[in-house]
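Enquirer: this one's sequence-less:
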Ligand SMILES: NC(=O)c1ccc[n+]([C@@H]2O[C@H](COP(=O)([O-])OP(=O)(O)OC[C@H]3O[C@@H](n4cnc5c(N)ncnc54)[C@H](O)[C@@H]3O)[C@@H](O)[C@H]2O)c1
């Protein structure tokens, strides 16, 4: 018997959830849902899925739906998440869990009354590159991690062309959440103090009211310090949609990661855009099928539902990351350090 899954929010990333779930042998995607009803119907037809809904209430009154992936925009997670949990379904939710602490706490309180499985999709924990780094830290070869640098930046096409709702989010909600979770996970420690600066110029001049970048210093429990950079204004001519670099220096060793410009494949054509370094790890297509670690985190959640196991990432991880992102925003706004309780 397969588990009946549904995906809510069928934009860029909802299609990734569909691909991961449809290729899982223990899962049947029984329904999809999008506030844009035409998009829901079109997606269901293209993927041979029986049912399409445009209201979450209708989706959740369908008895075939046992588990739900929530892939709505950053600012539209809470109501959907609460409805899914309170209806007794398992739930995988995209980052951020929610954009206020009160909303995260409401979601967690609802989940505590349920015996279902819940996870936030912090997928760097499935990246083979970061997993190797984490192993080197955990087995003691690097001593105690002391300092880290993590840069996760996007081309300007992300806020200007890809996300119609960029002005209702920030680069920190969109990719800073991955960066902060990765730092917490690599160090195995929580962030206790935050100093951040931001600037708003390029995107504002294009009519998108969101900062261009944040630069944040995070002090962790136990003395570690991480510098995190996130920007949404990389030129579109850069060879990869994202720029992801990381280094961690410990008392007895160091790891250096280049997850985006490692040049495992460089492609040059006569097209005007010039050279590119195509994605080989996150979600590359291989013989027409999407592969990569971004699908592995979704499959991990499906495995946990099928096998009755607890997922590797919890809703509390989502709360902690939201706490840090809010502190980054506050520090960047006030110019002062923010202590986290
Ligand atoms: N894990 C990752 O690396 C990754 C990558 C991209 C996006 N995301 C996350 O996925 C989420 C969606 O991002 P996206 O790029 O797919 O956005 P998108 O704009 O491409 O798609 C969002 C979809 O949700 C629908 N929608 C909006 N409100 C809804 C509601 N209340 N009920 C049902 N449908 C609703 C919209 O009509 C749209 O089709 C965001 O939280 C984003 O941060 C994660």
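Expert: All right, it came through fine. Treat the numbers as computed from the prediction; the structure is a model and nothing was measured.

Enquirer: Look at residue 272 and report its pLDDT.
Expert: On the pLDDT scale, residue 272 is placed at 69.

Enquirer: Could you do residue 2 as well?
Expert: 95.

Enquirer: any idea how far it lies from residue 306?
Expert: 8 Å (CB to CB, to the nearest Å). Where you see a C-beta, it was placed from the backbone N, CA and C, and this is true even at glycine.

Enquirer: Which neighbours do those two have in common?
Expert: 26, 27 (CB atoms under 8 Å, 6 or more residues apart in numbering).

Enquirer: Same drill for those two, tell me which one is more crowded.
Expert: Taking neighbours as other CB atoms under 10 Å, residue 2 and residue 306 compare with residue 306 leading, 17 against 14.

Enquirer: Once you drop chain neighbours, what's closest to the closest residue to the ligand within the stretch 151-300 of the chain?
Expert: The ligand sits closest to residue 174 of the stretch 151-300 of the chain, with a gap of 5.2 Å, by CB to the nearest ligand atom. With CB to CB, 6 or more residues apart in numbering as the criterion, residue 174 has its nearest non-adjacent residue at 6.5 Å, and that residue is residue 74.

Enquirer: ok, so what distance separates that neighbour from residue 328?
Expert: 15 Å.

Enquirer: Settle it for me: which of the two has more neighbours?
Expert: Each of residue 74 and residue 328 has its neighbours counted (other CB under 10 Å); residue 328 has more, 28 against 19.

Enquirer: Is the more buried one located within a helix, as I assumed?
Expert: Yes. Judged by DSSP: H, G, I helix; E, B strand; the rest coil, residue 328 forms part of a helix.

Enquirer: That one touches residue 173, doesn't it?
Expert: No. Counting by CB atoms under 8 Å, residue 328 sits too far from residue 173 to count as a contact (10.0 Å).

Enquirer: check contacts around the residue of the stretch 151-300 of the chain closest to the ligand.
Expert: Counted by CB under 8 Å, 6+ apart, residue 174 has contacts 74, 154, 158, 163, 166, 232.

Enquirer: what does residue 33 give?
Expert: 6-10, 40, 52-56, 58-59.

Enquirer: could you redo the last one with a cut-off of 6 Å?
Expert: When contacts are counted by CB atoms under 6 Å, 6 or more residues apart in numbering, residue 33 touches 8, 40, 53, 59.

Enquirer: Show me the beta-bridge partners of it.
Expert: residue 8, residue 53 (DSSP bridges).

Enquirer: From the ligand, how far off is it?
Expert: 6 Å (CB to the nearest ligand atom, to the nearest Å).

Enquirer: any idea how far that residue lies from residue 107?
Expert: In terms of CB to CB, residue 33 sits 18 Å off from residue 107.

Enquirer: go on, residue 153?
Expert: Applying CB to CB to residue 153 and residue 107 gives a distance of 29 Å.

Enquirer: Same question for residue 213.
Expert: Taken as CB to CB, the span from residue 213 to residue 107 is 29 Å.

Enquirer: Quick check, the residue in this structure closest to the ligand?
Expert: residue 11 (1.9 Å).

Enquirer: nearest residue to that residue other than its sequence neighbours?
Expert: Residue 11 sits nearest to residue 71 (CB to CB, 6+ apart), 7.2 Å away.

Enquirer: Enumerate every residue touching that neighbour.
Expert: 9, 13, 14, 17, 94.

Enquirer: Nearest to residue 189 among those?
Expert: Closest approach to residue 189 among the contacts of residue 71 (CB to CB): residue 94, at 24.6 Å.

Enquirer: So what does that closest one have for phi and psi?
Expert: phi -70, psi 160 (degrees, to the nearest 10).

Enquirer: Then residue 166?
Expert: According to degrees, to the nearest 10, residue 166 has phi -60, psi -40.

Enquirer: For this structure, which residues are neighbours of the ligand?
Expert: Residues of the chain lying close to the ligand (CB under 6 Å from any ligand atom) are 8-14, 33-36, 39, 56, 71-74, 76, 80, 94-95, 121, 123, 163, 174.

Enquirer: Mark which of those are part of helices, please.
Expert: If you go by DSSP state H, these have 12, 13, 14, 39, 56, 80 in helices.

Enquirer: for those, which one is nearest residue 271?
Expert: residue 12 (22.4 Å).

Enquirer: Tell me how many other residues crowd the closest one.
Expert: 11.

Enquirer: The one 3 residues further on now?
Expert: Using other CB under 10 Å, residue 15 has 18 neighbouring residues.

Enquirer: What sits closest to it if chain neighbours are left out?
Expert: Per CB to CB, 6+ apart, closest to residue 15 is residue 43, 7.5 Å.

Enquirer: Thank you, goodbye.
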